[in-house]
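A.B. asks: build the 3D model from these lines:
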Amino acid sequence: MESDVRFRVLACGRRWGKTRLGSALCIHTAASGGRAWWVAPTYPVATVGWRLVQRLAMQIPGAEIRQGDRLVTLPGGGEVQVRSADNPDSLRGEGLDFVVMDECAFMKEEAWLEALRPALSDRRGRAMFISTPKGRNWFWRLWQRCIDDEDHEWHGWQLPTADNPHIAPDEIEAARRGLPESVFRQEYLAEFLDDAGGIFHRVMEAATAVAIDEPIPGRAYIAGVDVANETDFTVITILDAKTREQVYIDRFNRIGYVALEDRIAAAYQRFNLQTMIIEDNSIGQPVIDHLRDRGLSIVPFHTSASSKGPLIQSLQAAFEHGAIRILADPTQIGELQAYEGKRMASGMSYSAPSGMHDDCVMALALAWHGIDRRGAGVFQYA
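C.D. replies: From the prediction side, this is the model:
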């Protein structure tokens with residue numbers, strides 16, 4: 001509470017007291033005449049914060065509490081509103097002095113980047129990010145921002161459940177004995193675990209490749225491309241077929257289709273690619289057709305319930321057996337470490353966690369598929 005940094009990141013164990021801290025800071029902002037928002041991943045989670053905000057507001061004479069809007073207005077004109085981030089676009093439009101993002105590891109990164117961060121600009125507002133870690137997703141990247149802070153606006157704290165004096169030590173010890181070690185370390189010690197909850201292991205061990213500007217003479221290169229719509233990202237990944245290491249990655253969005261195709265074609269020609277594999281779902285097929293008209297050798301891959309599993313599992317095996325090396329691109333690493341597999345009645349289902357992208361994962365998986373099939377001596381694509 002006493003820190004004067006603009007952006008505070010708190011990685012807290014369960015039941016540490018982060019909700020109580022955040023609600024108190026919101027009321028403090030409002031008591032000074034400011035506008036504060038409490039933002040949670042969903043309305044049910046937001047209800048917890050709303051109860052605490054109300055409880056504090058009821059102790060202030062003249063405070064107005066509007067249940068329907070989840071809004072508290074204090075006598076000096078300051079206010080606190082509790083909001084949900086399940087639809088990031090609904091968070092646009094307000095200028096804010098302070099925002100608390102509660103359990104932000106479980107909400108969409110767009111809520112911060114596209115809605116809340118701009119809302120702080122005109123008032124130079126502050127933000128507090130509080131959450132239990134969830135692998136190494138965007139909340140982890142915020143934590144890394146605190147470590148690498150150059151403008152001294154960010155600071156992070158790692159706070160275990162045991163810091164809360166109201167949680168009995170024997171209860172924490174019982175949890176340690178009864179939970180898997182990885183779960184206890186994440187939920188009670190607030191540790192950011194490598195690959196926690198993800199299906200790709202040894203990712204950081206593999207992140208030792210070096211990007212190259214030009215192809216090495218005599219080498220064959222294979223690319224995988226995940227073509228995206230306006231909201232996602234198009235990613236081009238290129239692997240050296242001999243060393244099986246990633247030598248190039250390009251990630252971009254919000255450009256027209258002509259520019260998108262030009263960028264893919266430029267990468268193809270730059271590395272004199274043997275093959276480029278592009279997912280043909282959605283807008284992928286028109287892009288494939290246009291690139292083929294330009295003389296590029298494009299192999300389509302149709303992602304379906306039956307083809308995605310083997311595609312992802314092949315990449316998963318490559319990491320586990322140390323067969324692949326990748327560039328230490330932070331976005332790519334974050335996607336790989338957060339990527340999840342869920343067991344369904346029909347088999348395994350693979351996807352990025354809610355609010356995260358998987359474009360880097362899919363492009364890498366497609367490129368690896370090309371390497372894998374090339375090693376088998378055939379090119380057969382679903």
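A.B. asks: for whichever strand or helix holds D372, packing partners?
C.D. replies: Per DSSP states H and E: D372 is located in helix 359-375. Using 3 or more Cβ pairs under 8 Å, 6 or more residues apart in numbering; DSSP states H and E as the contact criterion, the elements in contact with helix 359-375 are strand 221-226, strand 234-240, strand 246-252, strand 275-279, strand 298-301, helix 305-320, helix 330-338. For every residue, glycine as well, the C-beta is placed using N, CA and C.
A.B. asks: ok, 6 Å please
C.D. replies: Counting by 3 or more Cβ pairs under 6 Å, 6 or more residues apart in numbering; DSSP states H and E, the packing neighbours recorded for helix 359-375 are strand 221-226, strand 234-240, strand 275-279, helix 305-320, helix 330-338.
A.B. asks: just give me how far that helix sits from the chain centre.
C.D. replies: The chain centroid and the centroid of helix 359-375 are separated by 21 Å under Cα atoms, centre = their mean, to the nearest Å.
A.B. asks: before we move on, what about stretch 36-52?
C.D. replies: Averaged C-alpha coordinates place stretch 36-52 at 21 Å from its chain's average position (Cα atoms, centre = their mean).
A.B. asks: likewise for stretch 282-296?
C.D. replies: For stretch 282-296 - counting by Cα atoms, centre = their mean - the centre lies 30 Å from the chain centre.
A.B. asks: quick one, domains of the protein?
C.D. replies: Domain segmentation of the chain under automatic domain parsing yields 7-187, 203-375.
A.B. asks: of all these, which one is nearest M1?
C.D. replies: Closest approach to M1 among those is made by domain 7-187 (6.5 Å; Cβ to Cβ).
A.B. asks: who touches stretch 192-210?
C.D. replies: Identification of contacts with stretch 192-210 by Cβ atoms under 6 Å, 6 or more residues apart in numbering yields 133, 135-136, 140, 182, 186, 245-246, 316, 319-320, 324-328, 336-339, 341.
A.B. asks: now do the helices in the stretch 151-300 of the chain.
C.D. replies: If DSSP state H, counting those that start in this stretch is used as the criterion, the helices of the stretch 151-300 of the chain fall at 169-178, 181-187, 203-206, 257-270, 284-293.
A.B. asks: outside of the fourth one itself, list whatever touches it.
C.D. replies: When you say that, I think you mean helix 257-270. Judged by Cβ under 6 Å, 6+ apart, the contacts made with helix 257-270 from elsewhere in the structure are 234, 236, 276, 287, 290, 296.
A.B. asks: just name the shakiest helix or strand of the chain by mean pLDDT.
C.D. replies: Counting by mean pLDDT, DSSP states H and E, the weakest-scoring helix or strand in the chain turns out to be strand 340-344, with a mean of 76.
A.B. asks: mind listing what's buried along that strand?
C.D. replies: By 16 or more other Cβ atoms under 10 Å, the buried positions in strand 340-344 come out as 340-341.
A.B. asks: and that strand, C-alpha only, in PDB?
C.D. replies: The C-alpha coordinates for strand 340-344 follow below in PDB (Å, rounded to 0.1, in the frame of the first residue of the first chain):
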ATOM      1  CA  GLU A 340      -3.400 -26.800 -22.400                       C
ATOM      2  CA  GLY A 341      -4.700 -30.300 -23.100                       C
ATOM      3  CA  LYS A 342      -8.100 -31.500 -21.700                       C
ATOM      4  CA  ARG A 343      -9.300 -35.000 -21.700                       C
ATOM      5  CA  MET A 344     -12.800 -35.200 -23.300                       C
END
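A.B. asks: following element in sequence after the one helix or strand V45 maps to, please.
C.D. replies: For V45, the element it lies in under DSSP H and E is helix 43-57. Using DSSP H and E, the helix or strand that directly follows helix 43-57 along the chain is strand 64-66.
A.B. asks: tell me which strands that following strand pairs with, and in which orientation.
C.D. replies: Strand pairing for strand 64-66, using DSSP bridges, gives strand 71-73 (antiparallel).
A.B. asks: show me where pLDDT drops low in the stretch 51-200 of the chain?
C.D. replies: Using pLDDT under 70 as the threshold, the predicted model of the stretch 51-200 of the chain has low-confidence ranges 148-150, 180, 194-197.
A.B. asks: the strands in it, which residues?
C.D. replies: Chain-ordered strands for the stretch 51-200 of the chain, with DSSP state E, counting those that start in this stretch as the definition, fall at 64-66, 71-73, 79-84, 98-102, 126-131, 154-159.
A.B. asks: which of the ones you listed is buried the deepest?
C.D. replies: strand 98-102 (a mean of 26; mean count of other Cβ atoms under 10 Å).
A.B. asks: still on that earlier bit, from the chain's centroid, how far away is the helix or strand following the least confident helix or strand of the chain?
C.D. replies: Using DSSP H and E, the helix or strand that follows strand 340-344 towards the C-terminus is strand 347-351. Counting by Cα atoms, centre = their mean, strand 347-351 is centred 18 Å from the centre of its parent chain.
A.B. asks: perfect, that will be all.
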